Each structure stands twice: as C-alpha cells, then as structure tokens.
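**Student:** here is the input, now give the coordinates:
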Amino acid sequence: MVVVSLAQVFWRYVFNDPLTWSEELARYTFVWIGYLSGWLAWKHRAHIALDAVTYLNRPALTRACTRLVEFLVLAFAAYTFYSNFRLLGLTLDQPSAILEIPMAYVYGGYNVMALLIGGDILMTWAGVLRRAEP
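**Tutor:** I've put the predicted structure just below:
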C-alpha cells in the first residue's frame, strides 16, 4: 500500500501523469489490512475490553467471562461469515471501477477475518493454542 501510494505521488509530481489505478489498489489493500488487523488484535487480545472482572482476583470468574466472550465472538463471527456470502454473491459479477476485479474479492476480506477469528477460538478450545489467562 505504501509503495503504491508513493508511486502515485512520484508519477503525479515528477512525470505530471498520475497513475489511474493506484488509488483504488491502495484503498482495497487498506480494507484488507484492516480486516487482517482485526484478526491480529483478537489473536493477541489487544481489542478494547472491559477488564473489571480480572481485578476481582477470582480466576474461576475470569475464566468463565473469557469463555463467554469467546462464545459470543464465535457466534457473531459465524453468523456474519454466513450472512456475508449473500453480499459476495451479489458482487461477484460487479467489477471495480479501474482495476476491474470482482468486488467480491474486496468484500471477501471480512469472511477471511471471521474465519481466522473463529478458527482461533476453536483451536484454543481444542487445546491446540494456548492463551495466557488475563
């Protein structure tokens, strides 16, 4: 994304001939980076959270709240993963303005994020991944 944006600036001001495709590619790359950052934040438990329960020093309560949050996030990810397929079906034949790639490739980033978050939760529950308890 940075390289494409710098190339756009270079072509615009040095050659006085702006690239027509760079802004669109940078925008779609930014969308995918945002989705993948959402998964990465979940993986490292870096999302904004209310951690009042952890200050009570009750490990059982903390574990129960952690599992409840994981269950709710998994349910939301599964629901939105499933419901986003309708949007992907609508946009599969809709090309982007300049690059003419199917817009489903852009919107599919959400499904990738939901799948990664859901997989992370299920692998944690299965014991494949270990999480440090807060």
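**Student:** CA atoms for contacts and neighbours, from now on please.
**Tutor:** Fine.
**Student:** tell me the contacts of the residue nearest to the spatial centre of the chain?
**Tutor:** The centroid of the chain falls nearest to Tyr35 when counting by Cα atoms, centre = their mean (2.0 Å). Contact analysis of Tyr35 by Cα atoms under 8 Å, 6 or more residues apart in numbering lists 109-110, 112-113.
**Student:** these in helices, which ones?
**Tutor:** 109-110, 112-113 (DSSP state H).
**Student:** among the residues you listed, which ones are buried?
**Tutor:** 109-110, 112-113 (16 or more other Cα atoms under 10 Å).
**Student:** tell me which of these is nearest to Leu74?
**Tutor:** Met113 (11.7 Å; Cα to Cα).
**Student:** gap between that closest one and Phe81?
**Tutor:** 9 Å (Cα to Cα, to the nearest Å).
**Student:** next one: Arg12
**Tutor:** Distance from Arg12 to Phe81, by Cα to Cα: 40 Å.
**Student:** more neighbours, these two?
**Tutor:** Phe81 (19 against 13; other Cα atoms under 10 Å).
**Student:** wait, the more buried one touches Ala114, no?
**Tutor:** Yes. The pair Phe81 / Ala114 is scored as a contact, 6.0 Å apart, by Cα atoms under 8 Å.
**Student:** in the worst-scoring helix or strand of the chain on mean pLDDT, what's buried?
**Tutor:** Ranked by mean pLDDT, DSSP states H and E, the helix or strand of the chain with the weakest confidence is helix 2-13, at a mean of 90. By 16+ other Cα under 10 Å, the buried positions in helix 2-13 come out as 4, 8-9.
**Student:** before I go, just wanted to say thanks for your time.
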